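Q: Coordinates only, no sequence provided:
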């Protein structure tokens with residue numbers, strides 16, 4: 001079995017530490033943490049984990065919690081949900097099963113038993129996915145091109161890299177983050193009428209298919225942001241992490257708050273290329 005990626009969802013620091021201490025096998029890796037705030041749903045989806053472990057007190061496991069888990073729709077991308085709590089009861093187990101949660105465990109479970117349980121749950125989930133033709137999504141590889149000055153060829157390199165990867169059959173999303181002088185659309189001979197802001201404001205939900213963007217083969221262009229809307233932008237990009245194989249971001253020489261929020265707080269980048 002390949003390495004199992006885990007996202008831990010907990011409010012209490014002691015619970016996060018307790019779960020981290022249970023990871024004694026090289027087969028398990030914690031790739032991120034989240035809480036129970038509304039925006040955590042998008043964060044969990046963006047990690048595209050194999051398992052989401054929700055650690056909380058038994059008295060906090062109520063209808064609001066189960067609604068929170070159901071809204072994440074973990075099954076849509078082949079992720080298993082597990083609850084760890086201080087007091088496992090029959091009611092919690094029954095309600096968890098109705099919400100699609102695969103297992104309820106005590107926070108005091110032994111390390112070896114924890115590892116075996118995780119492996120069994122993931123193995124069973126893979127079998128279910130095969131039966132129902134659920135495709136396991138992967139977390140995107142994100143590359144950002146930036147520089148401390150203009151005119152060094154960021155847009156040229158970004159667009160050509162994106163086009164080349166698309167010709168290889170990769171599913172690529174090109175994001176133009178030059179708020180003032182973004183011209184990736186000109187480099188690709190486009191005349192757009194809408195931007196990423198219109199996408200984020202879509203009342204039908206954030207869907208890449210609803211955006212005014214260019215599509216040619218496997219290449220998509222998410223048009224430049226004209227307004228500084230950090231929360232909307234970061235949420236939009238976070239939602240795309242499980243959709244694209246490669247995301248290429250063209251960053252202006254005047255890095256604004258929207259970029260810092262996206263690149264640092266959301267920790268999207270796997271590679272940042274500086275051009276001088």
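A: Yep, it's here. Treat the numbers as computed from the prediction; the structure is a model and nothing was measured. Residues are numbered from 1 along each chain as shown.

Q: In the stretch 1-150 of the chain, mark out all the helices, start to finish.
A: 13-22, 40-47, 63-72, 90-98, 111-131 (DSSP state H, counting those that start in this stretch).

Q: got CSV for the ones you listed, with mean neighbour count, distance to residue 174 and mean pLDDT too?
A: For every residue, glycine as well, the C-beta is placed using N, CA and C. Below are the helices of the stretch 1-150 of the chain laid out as CSV (neighbours: other C-beta atoms under 10 Å; distance: least, C-beta to C-beta, whole Å; pLDDT from 0 to 100):
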stretch, mean neighbour count, distance to residue 174, mean pLDDT
helix 13-22, 14, 36, 94
helix 40-47, 21, 19, 83
helix 63-72, 15, 28, 92
helix 90-98, 13, 41, 95
helix 111-131, 15, 30, 88
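
Q: now for the ones you listed, which one comes closest to residue 184?
A: Of all the helices of the stretch 1-150 of the chain, helix 40-47 sits nearest to residue 184, with 23.1 Å by C-beta to C-beta.

Q: Mind giving me the packing neighbours of the closest one?
A: Helix 40-47 is packed against strand 4-10, strand 28-34, helix 63-72, helix 230-240, with contacts defined by 3 or more C-beta pairs under 8 Å, 6 or more residues apart in numbering; DSSP states H and E.

Q: What lies in contact with the second one?
A: What it means is strand 28-34. Outside strand 28-34, the residues within contact range by C-beta atoms under 8 Å, 6 or more residues apart in numbering are 3-10, 16, 19-20, 23, 40, 43-44, 47, 49, 115, 118.

Q: what do you get if the cut-off is 6 Å, keeping everything else the same?
A: Residues from elsewhere that reach strand 28-34 (C-beta atoms under 6 Å, 6 or more residues apart in numbering): 3, 4, 5, 6, 7, 8, 9, 40, 43, 44, 47.

Q: Show me what the second one bridges to in the sheet.
A: Translated: residue 4. Beta-bridge pairing of residue 4 under DSSP bridges involves residue 28.

Q: Return the residues in contact with it.
A: Residue 4 makes contact with 27, 28, 50, 122, according to C-beta under 6 Å, 6+ apart.

Q: what's the answer for the last one, then?
A: Residues in contact with residue 47, defined by C-beta under 6 Å, 6+ apart, are 7, 31, 32.

Q: burial measure for residue 5, as a count.
A: Using other C-beta atoms under 10 Å, residue 5 has 18 other residues around it.

Q: ok, back up a step: from the contacts of strand 28-34, which two are the most distant?
A: 3 and 40 (23.4 Å).

Q: Kindly reformat the contacts of residue 4 as TSV containing distance to residue 128.
A: Output for the contacts of residue 4, formatted as TSV (distance: C-beta to C-beta, whole Å):
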residue	distance to residue 128
27	20
28	20
50	13
122	11
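
Q: Can you pull out the low-pLDDT segments for the stretch 51-200 of the chain?
A: 131-139, 179-181, 192-200 (pLDDT under 70).
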